[in-house]
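Peer 1: Got a sequence here, can you model it:
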Amino acid sequence: MSGGTFSPLRHRTFLLILLGSLFSHFGNAIQSVGAAWQLTITGQPADVIALVQSATNLPIMLLALPAGAWADMFDKRLVMLGAQTGMVSLSILLAALAFVGTTPPGLLIGLTALLACGVACFNPALASSIGSIVPRNELAAGVALNILAFNIARSLGPAIGGGIVALGGAKAAFVVNALSYLMVIVILLRWRTAPPAPATRRPLLTVIGEGFRFALGSPAIRTVLVRAISFTLAGSAAWALMPLVATQMLGRGSMTFGLLLGALGLGAVIGAASSTWFRQRFSSEAIIRGAGLLYGAVCVCVALGIGLVPTLVLLVLGGAGWVQALSGFAVAGQMWSPAPLIGRITAMVSSLTFGGIALGSWLWGHVAQAHGVASALLFSGLAMLVLPFIGLIWPMPRHEGAKPA
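Peer 2: Coordinates of the predicted model:
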């Protein structure tokens, strides 16, 4: 990372955070693959299968604000440990139920949603920890590396998850998910942090209200929030409907499902790895517009039924565009946040980003059920092609001008 150097202690701590992020997101990706495929092979309709993405993302939207406040109020490491402990317990329960053959759709989606509650508590604490160990002139690069870890997991997780499902069924994916959370707990136990400074404990709603007031009073943060939810709401069809792209549009099985998500994830890794390079050369608005146009064009092409190999190639490009935008929203949220509020503002950006995915998955699932998977992908792609015009009204704040109060 350019623009400064880490002390050895900070460097090791940052690597521990990245490793914990990697294992946690890796488990989440495999869990989603297992849940979506379990519903697919039992013949559930498109709107039910798409609910896996809603269940994975909606709790992050609903709990992000209190979770962001907890990240600012308490020891971030303890918050992460508590979240991961709950996630391990739930994933072990889910694996046990799968082994005895008791995973009806409602129970599977419900447990997936409960696991996402743990993710909702874990992510703001992890993201806001970066600002405490990384110099501000390295913050954008540090955030980008955390997003890169997320997308490495998103690349390898679905592809390996598809292989795990093919070899051992969905229950094997649930077991691997539990093991990944155990690894995160081990990493967090090895992370030694300085004791937090004594602070006056304030009511949770008061702390959340401070974050709301800042966000509403900051034109930059308001714009980031609007752009984040509109982008993910319009573009979430591909992520939600990928099991049905594999089975209905391509006539393939679980390995192809894993390959499709792996192609999206591989592109996401490329996008995250190159995000700093793009930020140094282009404005935030240019990056978000370009990413939306690229991703939308990919969705339109895939909807036309172009075959497996061209689809995989295009999904790599689409994944790169997707993560360039999500990286831009995350970096802008942190760069324009004052240090005392960073957990809450990060949580708000996360809330609307994942909320858009959750609501969009539900919406596109119903469109697919009524009009077909290809039509849902086509409409989503067209929406993404039109979406950049929103920048004429709410242009993204320029990252080089970030001067939070």
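Peer 1: contacts, neighbours, all on C-alpha from now
Peer 2: Will do.
Peer 1: ok, and the closest non-adjacent residue to the residue nearest the centre of the chain?
Peer 2: By C-alpha atoms, centre = their mean, the chain has its centre lying nearest to residue 354, at 6.6 Å. Spatially, and ignoring its direct neighbours in sequence, residue 354 is nearest to residue 57 (5.1 Å; C-alpha to C-alpha, 6 or more residues apart in numbering).
Peer 1: what about whichever helix or strand that neighbour is part of, distance to the chain center?
Peer 2: Assignment of secondary structure by DSSP states H and E places residue 57 within helix 46-73. Centre-to-centre, helix 46-73 and its host chain are 10 Å apart (C-alpha atoms, centre = their mean, to the nearest Å).
Peer 1: Which secondary structure elements does it sit against?
Peer 2: The criterion is 3 or more C-alpha pairs under 8 Å, 6 or more residues apart in numbering; DSSP states H and E, and the helices and strands that helix 46-73 contacts are helix 8-41, helix 105-133, helix 204-217, helix 237-244, helix 342-371.
Peer 1: Please enumerate the helices of the stretch 201-350 of the chain.
Peer 2: For the stretch 201-350 of the chain, helices defined by DSSP state H, counting those that start in this stretch occupy the ranges 204-217, 219-235, 237-244, 254-273, 275-281, 284-303, 308-335, 342-371.
Peer 1: Buried residues in the third one, which are they?
Peer 2: The neighbour-count criterion (16 or more other C-alpha atoms under 10 Å) identifies 237, 238, 239, 240, 241, 242, 243, 244 as the buried residues of helix 237-244.
Peer 1: Just the CA trace of that helix, in CSV.
Peer 2: What follows is helix 237-244, C-alpha atoms only, in CSV (Å, rounded to 0.1, in the frame of the first residue of the first chain):
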residue,chain,number,x,y,z
ALA,A,237,-30.8,-10.3,-9.7
ALA,A,238,-27.6,-12.1,-10.9
TRP,A,239,-26.6,-13.0,-7.4
ALA,A,240,-30.1,-14.2,-6.3
LEU,A,241,-30.9,-16.2,-9.4
MET,A,242,-27.6,-17.8,-10.2
PRO,A,243,-28.8,-21.4,-9.1
LEU,A,244,-31.6,-21.1,-11.7
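Peer 1: what's the angle from that helix to helix 46-73?
Peer 2: Per axes from the mean of the first three to the mean of the last three C-alpha atoms, to 10 degrees, the angle that helix 237-244 makes with helix 46-73 is 130 degrees.
Peer 1: Kindly report the same for the fourth one.
Peer 2: Helix 254-273 and helix 46-73 meet at an angle of 40 degrees, taking the same axes, to 10 degrees as the criterion.
Peer 1: Remind me what helix 254-273 packs against, helices and strands.
Peer 2: Going by 3+ C-alpha pairs under 8 Å, 6+ apart, helix 254-273 lies up against helix 139-190, helix 237-244, helix 308-335.
Peer 1: now the angle from it to helix 8-41?
Peer 2: Going by the same axes, to 10 degrees, helix 254-273 makes 150 degrees with helix 8-41.
Peer 1: Give me the mean pLDDT for helix 254-273.
Peer 2: For helix 254-273, mean pLDDT rounds to 79.
Peer 1: Using PDB, write down the CA coordinates of that helix.
Peer 2: Output of helix 254-273 as PDB, limited to C-alpha atoms (Å, rounded to 0.1, in the frame of the first residue of the first chain):
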ATOM      1  CA  SER A 254     -24.000 -27.900  -8.800                       C
ATOM      2  CA  MET A 255     -20.500 -27.600 -10.200                       C
ATOM      3  CA  THR A 256     -21.700 -25.200 -12.800                       C
ATOM      4  CA  PHE A 257     -23.500 -23.200 -10.100                       C
ATOM      5  CA  GLY A 258     -20.200 -22.900  -8.200                       C
ATOM      6  CA  LEU A 259     -18.400 -22.000 -11.400                       C
ATOM      7  CA  LEU A 260     -20.800 -19.200 -12.200                       C
ATOM      8  CA  LEU A 261     -20.600 -17.600  -8.800                       C
ATOM      9  CA  GLY A 262     -16.800 -18.300  -8.900                       C
ATOM     10  CA  ALA A 263     -16.600 -16.300 -12.100                       C
ATOM     11  CA  LEU A 264     -18.400 -13.400 -10.500                       C
ATOM     12  CA  GLY A 265     -16.200 -13.600  -7.500                       C
ATOM     13  CA  LEU A 266     -13.000 -13.800  -9.600                       C
ATOM     14  CA  GLY A 267     -14.000 -10.600 -11.300                       C
ATOM     15  CA  ALA A 268     -14.700  -9.200  -7.900                       C
ATOM     16  CA  VAL A 269     -11.200 -10.000  -6.800                       C
ATOM     17  CA  ILE A 270      -9.800  -8.300  -9.900                       C
ATOM     18  CA  GLY A 271     -12.000  -5.300  -9.200                       C
ATOM     19  CA  ALA A 272     -11.000  -5.000  -5.600                       C
ATOM     20  CA  ALA A 273      -7.300  -5.400  -6.400                       C
END
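Peer 1: now the helices and strands packed on helix 46-73 in JSON lines, with distance to residue 300 and mean pLDDT?
Peer 2: Below are those laid out as JSON lines (distance: least, C-alpha to C-alpha, whole Å; pLDDT from 0 to 100):
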{"stretch": "helix 8-41", "distance to residue 300": "23", "mean pLDDT": "73"}
{"stretch": "helix 105-133", "distance to residue 300": "29", "mean pLDDT": "82"}
{"stretch": "helix 204-217", "distance to residue 300": "35", "mean pLDDT": "82"}
{"stretch": "helix 237-244", "distance to residue 300": "10", "mean pLDDT": "88"}
{"stretch": "helix 342-371", "distance to residue 300": "14", "mean pLDDT": "87"}
